[in-house]
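In: Sequence and predicted structure are below.
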Amino acid sequence: MSELHKSHLDRRELLAYTAAFGSTFLAAQGLASEDDAKPARKRARLPRKKIDMKKSINMWAFPYPDQWTLRESLELAKDAGFDGVEINFALEGEFSAESSAAEIREIGRLAKQIGIEISGVCSFLFWPYSLTHNDDARRAKGMELAEKMIAATRLLEIENLLVVPGAVYAPWIEDFDPVPNDVCDRRARQAVRDLLPAAKKAGVYLNMENIFANGFLFSPQEMVEFVDSFESEHVQVHFDTGNIMHYQFPEHWVPILGKRIRNIHFKEWDKRTQEFNLHTFRTLLDGTTNWPAVIEALEKVGYRGYLTFEYFHPFNHYPEALLHQTSDALDWMLGRKA
C-alpha cells in the first residue's frame, strides 16, 4: 500500500472496510493497492450452446393477490419470457384447501389459455402443519393437506408436487417444538409411505425438497438414501440451490442426486453475509452461487426440466421489474444471451 494510503488508513481500519466491502471494491476506490486485493475471480465462460431447460418463477415473487389477479400474474410472467410458473397451495384463497375441483381446473384452463405452463405445486403449509410435528393433530392436518395437494396437482393436469417431508427444527418459527432426529426420520418415512398410494393413482411425483436449517436430510447421501428407500418412481427430489449455499455447494449435490431431480428451485445466496433467514436470499446473479458450474452439473445428469426462481417477497415498487430481471438472468445462464 502506498504511503498516502498508510497515512489515512491503519491496518485495523483497512481490514474493517475490506470485510464490509471487499478488497477489490476498495482497490477500485483507490483505498487499497491492487496487491492488497484478493485475486480476481475468473470471468465465467458462457455456455457455447443453448441449454435445453425451462424458465419458471414461483408466485411468491408476485404481489398476488394483493395487487395482481391470477390472470394478471400469469400474463405478466408470460410477457417476461417465462415458460412456466410455480403456484402455491394455501389454507384459503383462490388455490387452496377450500377450493373446489372446478375452481382448480379453471386455474389450469386459464394457464393454457394464456400460453404458460404450471411447473409445479409448492406450499408453505408443510411448516405449520409439518408431517413430523410433535403435535398429533398438527401432523394429521398436515397429512390431510398433503392429500389435498396431490388431488389439486392432478386437477391441474401436472405431475410435480414439492414435499417437505419433515423438520427437526424451523428457526423462523418462534414456538417451534424441536423434533428428535430419529423421530423426525421415522415420522417422515411413514408420512411419505402413507401418501404414496394417492400419488401413484393421481400420477403425481412427490418431490422431496432439501431445506436449509431444518436439520433433516442435510447431505446429498442422506437424501438419496431417503428417496431410494421407497422404491418408487413417484418419490423424487425437488432440488433447491439456495437452501444449501449457506454451508455447502449445489454443484456438489447434483451429480450425487442425479436422475432423481424432478424439479428445481434456483435461489441466490451470498456467502459473504452471515445472516440466516428468508429475507437474505437475493436476486439471481447477485450472490456467490457458481451458476455455470450448477448448470454444467445439471446438464451432465440429463436434467431438462424447469428452473424455478423462488423469492419470498415482491419488489415494493415496480414489481414487474423483478420478473424481467429474473427472466434476463436465466437467459444468461441458459446461453440465450451472449
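Out: Now that the structure is in, tell me what you want to look at.

In: Quick check: which element contains the residue nearest the centre of the chain?
Out: The residue lying closest to the centre of the chain (CA atoms, centre = their mean) is His265, at 3.2 Å. Under the criterion of DSSP states H and E, His265 resides in strand 261-266.

In: Can you list the low-confidence ranges for this protein?
Out: 1-10, 12-48, 275-278 (pLDDT under 70).

In: So which residues of it form strands?
Out: 54-58, 84-88, 117-122, 160-163, 205-209, 235-240, 261-266, 306-309 (DSSP state E).

In: Quick one: the helices in the stretch 51-200 of the chain, in order.
Out: Counting by DSSP state H, counting those that start in this stretch, the stretch 51-200 of the chain has helices at residues 70-79, 101-114, 136-155, 181-202.

In: I'd like to know which of those helices lies nearest to Glu209.
Out: helix 181-202 (12.1 Å; CB to CB). Quick note: C-beta positions are derived from backbone N, CA and C, even for glycine.

In: then that closest one to PDB, C-alphas only?
Out: What follows is helix 181-202, C-alpha atoms only, in PDB (Å, rounded to 0.1, in the frame of the first residue of the first chain):
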ATOM      1  CA  ASN A 181     -33.700 -36.600  14.700                       C
ATOM      2  CA  ASP A 182     -34.700 -40.300  14.800                       C
ATOM      3  CA  VAL A 183     -38.300 -39.500  15.500                       C
ATOM      4  CA  CYS A 184     -38.300 -37.000  12.600                       C
ATOM      5  CA  ASP A 185     -36.900 -39.600  10.300                       C
ATOM      6  CA  ARG A 186     -39.400 -42.300  11.300                       C
ATOM      7  CA  ARG A 187     -42.400 -40.000  11.000                       C
ATOM      8  CA  ALA A 188     -41.300 -38.600   7.600                       C
ATOM      9  CA  ARG A 189     -40.800 -42.100   6.100                       C
ATOM     10  CA  GLN A 190     -44.200 -43.100   7.400                       C
ATOM     11  CA  ALA A 191     -45.900 -40.000   6.000                       C
ATOM     12  CA  VAL A 192     -44.400 -40.500   2.600                       C
ATOM     13  CA  ARG A 193     -45.400 -44.200   2.600                       C
ATOM     14  CA  ASP A 194     -48.900 -43.200   3.500                       C
ATOM     15  CA  LEU A 195     -49.100 -40.600   0.700                       C
ATOM     16  CA  LEU A 196     -47.700 -42.800  -2.000                       C
ATOM     17  CA  PRO A 197     -50.900 -44.700  -3.000                       C
ATOM     18  CA  ALA A 198     -52.800 -41.500  -3.700                       C
ATOM     19  CA  ALA A 199     -49.800 -40.100  -5.600                       C
ATOM     20  CA  LYS A 200     -49.500 -43.200  -7.700                       C
ATOM     21  CA  LYS A 201     -53.200 -43.100  -8.500                       C
ATOM     22  CA  ALA A 202     -53.000 -39.500  -9.400                       C
END
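
In: what packs against it?
Out: Packing partners of helix 181-202 (3 or more CB pairs under 8 Å, 6 or more residues apart in numbering; DSSP states H and E): helix 136-155, strand 160-163, strand 205-209.

In: That concludes my questions; thank you for your assistance.
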